[in-house]
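[1] When you get a sec, could you give me coordinates for this:
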Amino acid sequence: MPRPDDYIVRARLAELLERLGEDDPAMEHYRKVLQARPDLARAHLRLDRLLIGQEQVAEALQHGQEALRIDPALYEAHQVIGLAMQQQGRLDEAEHHFSEAQRHETNGNVDLRQRQDLF
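    Reported below is the predicted structural model:
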């Protein structure tokens, strides 16, 4: 029987696999984390970024939008949505999200690519 905190272990494993360039297993673990805790905006963002890298843009957009729904001030969500829309050629919408990312960013935040942890 899974323990309530198993998603934390799985999230750490997904982060490690992502750092090692093992994108497919990392995505599988992020998906399982989100099954247990669909409210983790950063897990949506991590999965979103990996999906964009594999050109699975439609699914990436869903995760980016869910992250933004969970935390409207999360500027990284605007960044990844903008990247996905840019890949789809939706340049005006991408520009809007990049502008929103810049507007929401604060001096204390770091870019998602530099952030090391989900928690």
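
[2] Show me the shaky parts of the protein.
    1-4, 106-119 (pLDDT under 70).

[3] Find the residue closest to the most centrally placed residue in it in space, skipping its chain neighbours.
    When CA atoms, centre = their mean is applied to the chain, the residue found nearest the centroid is Leu45 (0.8 Å). Sequence neighbours aside, Ala67 is the residue nearest to Leu45 in space, at 5.0 Å (criterion: CB to CB, 6 or more residues apart in numbering). To be clear about C-beta, it is placed using only N, CA and C from the backbone, and glycine gets the same treatment.

[4] which SSE is that neighbour in?
    helix 57-70 (DSSP states H and E).

[5] which parts of that helix are buried?
    Using 16 or more other CB atoms under 10 Å as the test for burial, helix 57-70 gives 57, 60-68, 70.

[6] Can you show me the CA trace of that helix as PDB?
    Only the C-alpha atoms of helix 57-70 are listed here, as PDB (Å, rounded to 0.1, in the frame of the first residue of the first chain):
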ATOM      1  CA  VAL A  57       3.100  20.600 -27.500                       C
ATOM      2  CA  ALA A  58      -0.600  19.900 -27.100                       C
ATOM      3  CA  GLU A  59      -0.100  18.000 -23.800                       C
ATOM      4  CA  ALA A  60       2.600  20.500 -22.700                       C
ATOM      5  CA  LEU A  61       0.100  23.300 -23.000                       C
ATOM      6  CA  GLN A  62      -2.400  21.400 -20.900                       C
ATOM      7  CA  HIS A  63       0.100  21.000 -18.100                       C
ATOM      8  CA  GLY A  64       1.300  24.600 -18.400                       C
ATOM      9  CA  GLN A  65      -2.300  25.900 -18.200                       C
ATOM     10  CA  GLU A  66      -3.000  23.700 -15.200                       C
ATOM     11  CA  ALA A  67       0.100  25.000 -13.400                       C
ATOM     12  CA  LEU A  68      -1.200  28.600 -14.100                       C
ATOM     13  CA  ARG A  69      -4.600  27.700 -12.900                       C
ATOM     14  CA  ILE A  70      -3.100  26.300  -9.600                       C
END
